[in-house]
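Engineer: Sharing a model that was predicted from the sequence below.
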Amino acid sequence: MHEPDTEELVRRAGAGDRSAVSRLLDRHRRRLRKMVAVRMDARMVARLDPSDVVQETLVEAVKKLPDYLRDRPLPFYAWLRQLAWNRLVDLHRQHVLAEQRTIAKEVSLATLLSGQSARYLASHLLARENHPGSRIVRQELIDRMREAIGRLPDSHREVLILRHLEDLSVAEVAAILKTTKAAVTSRHFRALVGLREIMDRESEGSAGP
């Protein structure tokens, strides 16, 4: 049996098919939860479950879907993710910034990762390079890679998060960042080169004269 793709479900939803709306939202529930879990500040984890944030997002999406179907400002998942992102930013203000006694600058969540997410990203990127060595050596490399990721420009770190933690396609990243697929590909390549340069400089520095 043919399983309609997202674009077909959007078309059906626009024609008034209510079952298409449910299928459309359910299809992306897991992806949204992954995004929220990756981005959620560690200080919020004990109070909020990513699934609750996703459910709130989907409720809002149902309310705003008619406007989306009329204007189609973004591909569907990019639009849905933006709703989840806005909700996450609001919750961050409520649960993190509101508790700080000093006047805090607005924190950008774009490149904010929990320690676990940062470590997973470092491990994933190292796996691409197929580093040999013992478990201890690998753990050291992961720690160094995580530090190197933190030293990247925000725009480079963000494209790595979107591609390797959220598992978004180049086209989806381009829609979210409001740029072209060619620009995303170029930025991703420069981010990986930048990581390697940072790692190499640190290796040379630790080796001594």
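Structural biologist: Arrived safely, thanks for sending.
Engineer: Please name every helix or strand in contact with the longest helix seen in the chain.
Structural biologist: For the chain, the longest helix by residue count, based on DSSP state H, is helix 181-207. If you count contacts as 3 or more CB pairs under 8 Å, 6 or more residues apart in numbering; DSSP states H and E, helix 181-207 packs onto helix 135-150, helix 154-164, helix 170-177. Glycine gets a C-beta too; all of them are placed from N, C-alpha and C.
Engineer: 10 Å - rerun?
Structural biologist: Helices and strands touching helix 181-207, as assessed by 3 or more CB pairs under 10 Å, 6 or more residues apart in numbering; DSSP states H and E, comprise helix 115-129, helix 135-150, helix 154-164, helix 170-177.
Engineer: For the third one, list every residue counted as buried.
Structural biologist: Residues His156, Arg157, Glu158, Val159, Leu160, Ile161, Leu162, Arg163, His164 are the ones in helix 154-164 that count as buried (16 or more other CB atoms under 10 Å).
Engineer: repeat for the last one
Structural biologist: Buried positions in helix 170-177, judged by neighbour count with 16+ other CB under 10 Å: Val170, Glu172, Val173, Ala174, Ala175, Ile176, Leu177.
Engineer: returning to what we had before: so which of the buried residues of helix 154-164 is the closest to Val89?
Structural biologist: Glu158 (14.7 Å; CB to CB).
Engineer: Do I have it right that that closest one meets Ala191?
Structural biologist: Yes - using CB atoms under 10 Å, Glu158 makes contact with Ala191 at a distance of 8.9 Å.
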